[in-house]
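[1] predicted model and sequence follow; I will ask about them next.
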Amino acid sequence: MTRRRPPARRRTRRPSKRQQQRDAQLIGFAVVAAAVIGLLVMVVNWLAAHWWVLVVVLVLAGLAGVGWFSTRRQQARWETVRAQGLRYGLSQLDALHHSRFEDVIRDLMRRDGCRDAVRVGGGGDLGADVKATDPFGRRWVIQCKHRRNGSRGSAVGTPDLQVLNGTARQVHGADVAVIVTNGRVTAPAAAFAKQQRLHVVDRQTLAVWAAGSRPLWELLRAVPPPRRSTPLS
C-alpha cells in the first residue's frame, strides 16, 4: 500500500512592515483622539461647574481686543499727522546718503497719499528706486539721483534718462516715469525727457515739493489722467 502524504500546510502571510507601521499609526491616532476627546469632556464639565471662569476669560479677551484696536487707530492717526507734517529743506536733502534720499522720496509719496509707496532701490533695481500708486490709480516709478554737492555736483544727463525710459513702462508697468535729483539736469536730458514723456523733478521742483504740502502730480506737467475716479478727482 502506498502511503498518502499529508497535505502541505499553507503558510500564513505575515503583514509587511509598511502595513505594520500603518496599523501602529492608526492605533496611535485612535489613542490620541480618545485622550483629546476625554480631555475636552473634562474641560467642558469643569467649565460647566465653574462658569464664572469662562465669563472672566471672555471679558479679558474683549478688553484686550478693544485695547489692540484702539492702539492701532492711534498709531494710524499719529502716522497721518507725521506724514502731513513731513517737510525737508534742500540743505537737509543735500546732506543725506543716497539710500536715505530714496527713503525720503518714498516718504514724500506716502505723504501725498500713496499708501503702497515702497523703496526698491539697490543692485539690480532696473532703474526703479521707488514705486507707488497714487490715489487716482496711476502707477509711479521713480529713479533717484542724489548729488552730495547739490547743484555743484555732476548733472543728470541723457544716459540716466535712457535707463529709466527703457525699463519704467516695459518692466515696471509705470504710468508715470520720474527722475528726481537734488542736482542739475542737462538741457539735452530735459529735451529727451519731454520727447519720451518722462518727468524730471530737478532741484527747484524738489525744493517746492519737499518743503510744501502739494502732491507731486500737481507740480508736474502733462501727467496722465486718473485711472479711476476718486473723491480727489
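    Arrived safely, thanks for sending.
[2] from Tyr88, how far out is Ala174?
    From Ala174 over to Tyr88 the distance is 24 Å, taken as Cβ to Cβ, to the nearest Å. C-beta: built from backbone N, CA, C; applies to glycine.
[3] now Leu219
    From Leu219 to Tyr88 the distance is 15 Å (Cβ to Cβ).
[4] and the two? Which one has more around it.
    Of the pair Leu219 and Tyr88, Tyr88 is the one with more neighbours under other Cβ atoms under 10 Å, namely 18 against 15.
[5] got a list of what the more buried one touches?
    Taking Cβ atoms under 8 Å, 6 or more residues apart in numbering, we find Tyr88 in contact with 104, 108, 210-211.
[6] ok, so of these, who is nearest Phe69?
    Nearest to Phe69 among the contacts of Tyr88, counting by Cβ to Cβ, is Leu108 at 29.6 Å.
[7] so that closest one is in which element?
    helix 98-111 (DSSP states H and E).
[8] show me what that helix is in contact with.
    Taking Cβ under 8 Å, 6+ apart as the rule, helix 98-111 contacts 83-84, 86, 88, 93, 96, 117-119, 121, 129-130, 132, 134, 140, 142, 144, 146, 180, 182, 209-210, 216.
[9] return the distance of it from the chain's centre.
    Centroid displacement of helix 98-111 relative to its chain, using Cα atoms, centre = their mean, to the nearest Å, is 15 Å.
[10] so what strands line up beside whichever helix or strand comes after it?
    On the C-terminal side of helix 98-111, the closest following helix or strand by DSSP H and E is strand 118-119. Strand 118-119 sits in its sheet next to strand 130-133 (antiparallel), going by DSSP bridges.
[11] so which bits of the partner strand are buried?
    Neighbour counts over strand 130-133 (16 or more other Cβ atoms under 10 Å) mark 130-133 as buried.
[12] then that strand to CSV, C-alphas only?
    Output of strand 130-133 as CSV, limited to C-alpha atoms (Å, rounded to 0.1, in the frame of the first residue of the first chain):
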residue,chain,number,x,y,z
VAL,A,130,10.7,104.0,-5.6
LYS,A,131,7.4,102.6,-6.7
ALA,A,132,4.0,103.9,-5.7
THR,A,133,0.3,104.1,-6.7
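[13] mean confidence for that strand?
    Averaged over strand 130-133, pLDDT sits at 96.
[14] please parse this structure into its domains.
    Structural domains assigned to the chain are 17-83, 90-218, following automatic domain parsing.
[15] now the element after the worst-scoring helix or strand of the chain on mean pLDDT, going C-ward?
    Every helix and strand of the chain was ranked by mean pLDDT, DSSP states H and E. The lowest is helix 51-84, at a mean of 72. Downstream of helix 51-84, the next assigned helix or strand under DSSP H and E is helix 90-94.
[16] who are the packing partners of that following helix?
    Where contact means 3 or more Cβ pairs under 8 Å, 6 or more residues apart in numbering; DSSP states H and E, helix 90-94 is packed against helix 203-211.
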